[in-house]
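Q: Have a look at this prediction, sequence included:
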Amino acid sequence: MSSLAPILNTGFARAAEQRPPDIRPVFALRTSSNRSCQYEIVTARYMPDDRPLAPWRDLTSDDLADSGSDQVLAWSHANAILNPGSAL
């Protein structure tokens, strides 16, 4: 996880220590299944109340595991880009 230090210094929160506050979209960093990169960033929502066994969902509410790893390592708010003008 030491290779995550530069990423965490850019405003990403470590998912093991802090979860998003609600179901708003976030940028989620996860390990990549592609050989060309170690990590990838996907848009996701954290939905523990609706999906307690697989709380990390993509924006269509599908399990993140459907498109790769569901192990989110870090996340960052995405409202400024995905919903301009919305509050955090």
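A: Right, received. Where do you want to start?
Q: Okay, and the most centrally placed residue in the chain sits in which element?
A: Central residue of the chain (Cα atoms, centre = their mean): Ala28, 1.9 Å from the mean position. Counting by DSSP states H and E, the element that carries Ala28 is strand 26-31.
Q: can you list contacts of that strand?
A: Strand 26-31 is contacted from outside by 4, 7, 12, 15, 20, 38-46, 56, 64, 68-78, using Cβ atoms under 8 Å, 6 or more residues apart in numbering. No exception for glycine: its C-beta is placed from N, CA and C like everyone else's.
Q: just the buried members of those residues?
A: 7, 12, 15, 20, 40-42, 44-46, 56, 64, 69-70, 72-78 (16 or more other Cβ atoms under 10 Å).
Q: If I look at Ala5, what pLDDT would I see?
A: Looking at Ala5, its pLDDT stands at 67.
Q: low-scoring stretches of the protein, by residue?
A: 1-2, 4-9, 87-88 (pLDDT under 70).
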